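Q: Next input, structure requested:
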Amino acid sequence: MAVKAYVMMKVSSGSEREVCRKIVEFDEVMDVSIVYGEFDIIAKVKVEELEELENFLSESIRSIPSVMLTSTMIVAREYKGKAMRNALKIKSL
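A: Below you'll find the predicted structure:
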């Protein structure tokens with residue numbers, strides 16, 4: 001069963017866009033956003049196994065020199081909002 005997670009990152013000041021450009025190229029990454037608050041970047045990722053998530057974080061995300069800290073939240077259950085449901089209806093027409 002697929003595992004989805006949100007990976008929040010603190011990065012070196014001014015490196016947000018560069019880090020996003022690198023991260024968005026990984027196959028595991030669904031989307032990446034620059035955010036304001038405790039963290040600088042949040043990425044939604046999808047892997048097939050929990051072990052694959054561990055490897056992805058260690059070998060891909062944490063190996064980027066500008067990434068100083070990560071925090072990961074594994075998705076337990078997902079609900080689609082109205083905007084997403086409407087977008088899915090339009091695509092299926």
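Q: Quick check on residue 16: phi, psi?
A: phi -60, psi -50 (degrees, to the nearest 10).
Q: do you know how far it is from residue 52?
A: 26 Å (CB to CB, to the nearest Å). Every residue, glycine included, has its C-beta placed from N, CA and C.
Q: cool, residue 27 as well?
A: Distance from residue 27 to residue 52, by CB to CB: 11 Å.
Q: what is the rounded mean pLDDT of the helix or strand hosting residue 51?
A: Following DSSP states H and E, one finds residue 51 within helix 50-56. Average pLDDT, helix 50-56: 97.
Q: what does stretch 11-26 give?
A: Mean predicted confidence for stretch 11-26 is 98.
Q: buried sites along it?
A: 11, 15, 16, 19, 20, 22, 23 (16 or more other CB atoms under 10 Å).
Q: before we move on, what about stretch 38-57?
A: 39, 40, 41, 42, 43, 45, 47, 53, 56, 57.
Q: Would you format the buried residues of stretch 11-26 as a markdown table with distance to residue 32 included?
A: Output for these, formatted as a markdown table (distance: CB to CB, whole Å):
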| residue | distance to residue 32 |
| --- | --- |
| 11 | 12 |
| 15 | 13 |
| 16 | 10 |
| 19 | 9 |
| 20 | 5 |
| 22 | 9 |
| 23 | 5 |
